[in-house]
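Student: A structural model of the following input is requested.
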Amino acid sequence: MTSRNWIRAYTRELSTHLKVLAPADAQEVIREIEGHLHEVADLAEERGEDLDVAALLKGFGPPEKLATQYIEHLQNGAPPPTGFRALRRGVTRGLYFSIGGLGFSFALALLCLAVAKLLDPNAVGVWSVADGNAYVIAWSSAAPPQGEELFGWPLVPIALVVALWCAEVTRRVLRVLRRGLLGGQG
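Tutor: So this is what the prediction gives:
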């Protein structure tokens, strides 16, 4: 039996013990193990050495034990099996850009609200309507009927402070997500 066949047989058995994981997570574990095994086999082949595949696989341990360690790692946060990298549930580019777009758009909207209040103070504001059961943020030629303006001029500094806070929180979240995005590519 060739080293590739031994590796294939080992990972096939390993995959049977990973059925409790989501298919994507199980595939990631199999890719991780196959990558290590094939790397060792390739190095031995390049050096012209005879690889003792049975000893190599024995060093990985029984497939069911290795599967249990990875399941514990992915489901309960246990450390990954010794000698293997932690598998990450990667941050997608869609998540990264969605969070950035949403956070910075909200900060920009608040900034625009503050500027608009300065330009047209009687038409821009935050009103309480429906006996305090609803709020309206608007730039309108007329205040909402039976609406009571809540902030008046203090809306400008409040909107500016909240806009800066929102932009800073978004920046910090993106910094953390960027680490996950870059880490997931490696």
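
Student: residues of stretch 61-70 that come out buried?
Tutor: Using 16 or more other C-beta atoms under 10 Å as the test for burial, stretch 61-70 gives Pro63, Leu66, Ala67, Thr68, Gln69, Tyr70. Backbone N, C-alpha and C define where each C-beta goes, glycine included.

Student: same thing with stretch 156-173?
Tutor: In stretch 156-173, residues buried by neighbour count (16+ other C-beta under 10 Å) are Val156, Ile158, Ala159, Val162, Ala163, Cys166, Ala167, Thr170.

Student: among those residues, which lie within helices?
Tutor: Using DSSP state H to define helices, the subset of the buried residues of stretch 156-173 located there is Val156, Ile158, Ala159, Val162, Ala163, Cys166, Ala167, Thr170.

Student: OK, contacts around the fourth one?
Tutor: For Val162, the contacting residues are Leu110, by C-beta atoms under 8 Å, 6 or more residues apart in numbering.

Student: sorry, back to before: so can I have a markdown table of the ones in helices among the buried residues of stretch 156-173 showing distance to Gly132?
Tutor: Formatted as a markdown table, the entries for these read as follows, by distance: C-beta to C-beta, whole Å:
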| residue | distance to Gly132 |
| --- | --- |
| Val156 | 23 |
| Ile158 | 19 |
| Ala159 | 21 |
| Val162 | 21 |
| Ala163 | 25 |
| Cys166 | 25 |
| Ala167 | 30 |
| Thr170 | 30 |
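
Student: now, which of these sits nearest Lys58?
Tutor: Relative to Lys58, the closest of those is Thr170; by C-beta to C-beta it sits at 50.2 Å.

Student: so what's that closest one closest to, chain neighbours aside?
Tutor: Gly103 (2.8 Å; C-beta to C-beta, 6 or more residues apart in numbering).

Student: now the strands for the protein?
Tutor: Secondary structure of the chain, counting by DSSP state E: strands at 124-129, 134-139, 148-149.

Student: show me what the second one is packed against.
Tutor: Under the contact criterion of 3 or more C-beta pairs under 8 Å, 6 or more residues apart in numbering; DSSP states H and E, the helices and strands touching strand 134-139 comprise strand 124-129.

Student: next one: the strand it packs on to chain centre, how far?
Tutor: When C-alpha coordinates are averaged (C-alpha atoms, centre = their mean, to the nearest Å), strand 124-129 and its chain have centres 36 Å apart.
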